[in-house]
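Novice: I need the structure of the sequence given here:
(one chain, ligands or ions: 1)
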Amino acid sequence: MDVFVIEGGRRLDGTLRINGAKNAALPLMSAALLSDEPITLLDVPALADTRNMLRLLAELGCHRVNESDGPDATRVVLHSFDRAQSHARYDIVRTMRAGICVLGPLLGRRGEARVSMPGGCTIGDRPVDLHLRGLRALGADIQLAQGDIFAKAPGGRLRGARVFLGGPMGSTVLGTINVLAAATLARGETIIESAACEPEVVDMARLLTAMGAKISGAGSPRIVIEGVDSLGSATHAIVPDRIEAGTFMCAAAITNGDIVLENCPIDGLMSVIDRLEAVGVRFQAAPGQDPMHSTCRVTSSRVLQPVEVTTQPHPGFPTDLQAQIMALLCLADGNSVVTEKIFPERFMHVAELARMGARIHRHGSTAVISGVKRLIGAPVMASDLRASAGLVLAGLAAEGTTIVNRVYHIDRGYERMEERLGALGARIERVDEKEVE
Ligand code: EPU
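Specialist: Okay, here's the model as predicted:
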């Protein structure tokens, strides 16, 4: 198993282009199941999760047809040839929860699906009741058996309906995407109320529209879909990854850095920029550019002010950047408060940061962080993707050596993180764990 060995204390400096978003790429790839014609996606990040999604789609008869471009090529052409197999098996879905997003496309196009029920994960319970409620509202007959979701559209086709997707924690991103995808081929009109407004939902709607779907309102809590009989081919560039961009913003902030992010989706990061500015980070976006593909300079003098952060659905502060900003706030001059409103148990990084000298007290879904003057390198254990990113950031700022174990979590969502940070001047190496014992 690989680990990262980080020598902290280096200031980040340089330019980096933000990759396509993992959380857009995964559902957009599954949209290829909705058409019999090829779908071309550009800027697909080369990640463990996107490779897993390719494997899952291949099992469902939807193949990558530009293999010759190489496994890490960012252009991915998907063609659904064979509609016989509609079973998304447990051994793939358990490694990648986003496997659930084949459910809507399979049901919409093939009239049936069998998808393994994703379990919980280290960030807490991950129910799919809202996905199922939405698809049932479109007429699907859904049964749970042997750990799988068995879904069928009576007569082979769903029918449009009014669907309410609000739950106790707000809306659901992948649930909205599943219902949206299924509704594109339903008979009649579907209205999704309390839809998730995340940029990944908007990107899905853009791709589906390019394929011939009739959708309005994506990005707002009310999406209207007029079902069509079939969808065709399309070419679409994946939206840049706001979480990757936000992670590098925090990396610049915690290392007293001065970096330029290209292809930076500042429009999707307003709440993050707001909080980081309150901490003392400075942002300068090049004028006149598309705010989803901006060039943005991020500088910090590392005189960090404490702030309050509450994670919320978009456009609020994203839960996927909570661990990273917490790592930063460990070094602020005073007490910060971080409240997690999306996944109340998502605090696995707290105990690991404490091993590096951080002072954090957790009370339920709130953590109070008392800033310290310095963090000290230590061996730490990555538990989930974003918690691990937070530990890497802490390691970049810490005195001495930090070893981040179980780097495979990071590889799920950050493409060659060590190379990208290394290019900005960080001292970070990927080594086999046996070499550091
Ligand atoms: N929820 C329900 N019922 C449902 C679905 C969700 O109660 O049927 C609750 C969840 O328990 C949670 C809240 O609703 O409290 C929001 O969950 P959501 O469904 O929006 O999460 P998701 O769609 O499963 C995506 C991202 C996550 C990200 C969340 C929130 C992908 C592949 N995953 O998950 O990303 O944290 O939205 O923004 O898009 C990550 O990238 O590290 C990651 C975990």
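Novice: list the contacts for Val281?
Specialist: Neighbour list for Val281: Met249, Ala252, Ala253, Val298, Thr299, Ser300 [criterion: CB atoms under 8 Å, 6 or more residues apart in numbering]. To be clear about C-beta, it is placed using only N, CA and C from the backbone, and glycine gets the same treatment.
Novice: one more time with 10 Å, if that's ok
Specialist: 249-250, 252-254, 257, 272-273, 275, 298-302, 304-305, 328 (CB atoms under 10 Å, 6 or more residues apart in numbering).
Novice: Then Asp203?
Specialist: 20-21, 23-25, 27-28, 177, 218-219, 236-240, 268, 292.
Novice: you'd agree Phe150 is in a strand?
Specialist: Yes: remark: Phe150 belongs to a strand, assigned using DSSP: H, G, I helix; E, B strand; the rest coil.
Novice: Identify the bridge partners of Gln143.
Specialist: Beta-bridge partners recorded for Gln143 (DSSP bridges): Phe150.
Novice: and it, how many neighbours does it have?
Specialist: The number of residues packed near Gln143 is 10, by other CB atoms under 10 Å.
Novice: my guess is it meets Ala113, correct?
Specialist: No: counting by CB atoms under 10 Å, Gln143 stays clear of Ala113, with 11.7 Å between them.
Novice: about what we covered before: from the contacts of Asp203, which are also near the ligand?
Specialist: Applying CB under 6 Å from any ligand atom to the contacts of Asp203, one finds that Asn23 fall near the ligand.
Novice: Out of the contacts of Asp203, which sit inside helices?
Specialist: Asn23, Ala24, Ala25, Pro27, Leu28, Ile177 (DSSP state H).
Novice: Tell me which two of the residues you listed sit farthest apart.
Specialist: Pairwise distances across these (CB to CB) peak at 12.1 Å, for the pair Ala25 and Ile177.
Novice: list the residues that contact both of those two?
Specialist: Joint contacts of Ala25 and Ile177 (CB under 10 Å, 6+ apart) are Ala98, Glu200, Asp203.
Novice: quick one: buried residues of whichever helix or strand the last one is part of?
Specialist: In the assignment (DSSP states H and E), Asp203 maps to helix 199-210. Of the residues in helix 199-210, those scored as buried under the neighbour-count criterion (16 or more other CB atoms under 10 Å) are Pro199, Glu200, Val201, Val202, Asp203, Met204, Ala205, Arg206, Leu207, Leu208, Thr209, Ala210.
Novice: Distance check, the residue of the chain most remote from its centre against His131.
Specialist: Centroid-distance maximum for the chain: Gly155 at 35.1 Å, with CA atoms, centre = their mean. Here the criterion is CB to CB, to the nearest Å. By it, Gly155 lies 22 Å from His131.
Novice: overlap between the shared contacts of Ala25 and Ile177 and the residues near the ligand?
Specialist: Contacts with the ligand within the shared contacts of Ala25 and Ile177, as defined by CB under 6 Å from any ligand atom: Ala98, Glu200.
Novice: Can you lay out the shared contacts of Ala25 and Ile177 as TSV showing pLDDT?
Specialist: Shown next, in TSV, are the shared contacts of Ala25 and Ile177 (pLDDT from 0 to 100):
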residue	pLDDT
Ala98	91
Glu200	98
Asp203	98
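Novice: What distance do you get for the closest residue in space to Gly422 that isn't next to it in sequence to Ala378?
Specialist: Excluding the flanking residues, the one nearest Gly422 by CB to CB, 6 or more residues apart in numbering is Ile428, at 5.8 Å. Using CB to CB, we find Ile428 at a distance of 15 Å from Ala378.
Novice: before we move on, what about Pro105?
Specialist: Using CB to CB, Pro105 is found at 44 Å from Ala378.
Novice: Looking at those two, which has the bigger crowd around it?
Specialist: Neighbours were counted for Pro105 and for Ala378 using other CB under 10 Å; Pro105 has more, 30 against 20.
Novice: helices and strands around the worst-scoring helix or strand of the chain on mean pLDDT, which ones?
Specialist: In the chain, no helix or strand scores lower on mean pLDDT, DSSP states H and E than helix 90-93, which sits at a mean of 88. The contact analysis (3 or more CB pairs under 10 Å, 6 or more residues apart in numbering; DSSP states H and E) places helix 90-93 against helix 48-59, strand 112-116, strand 148-152.
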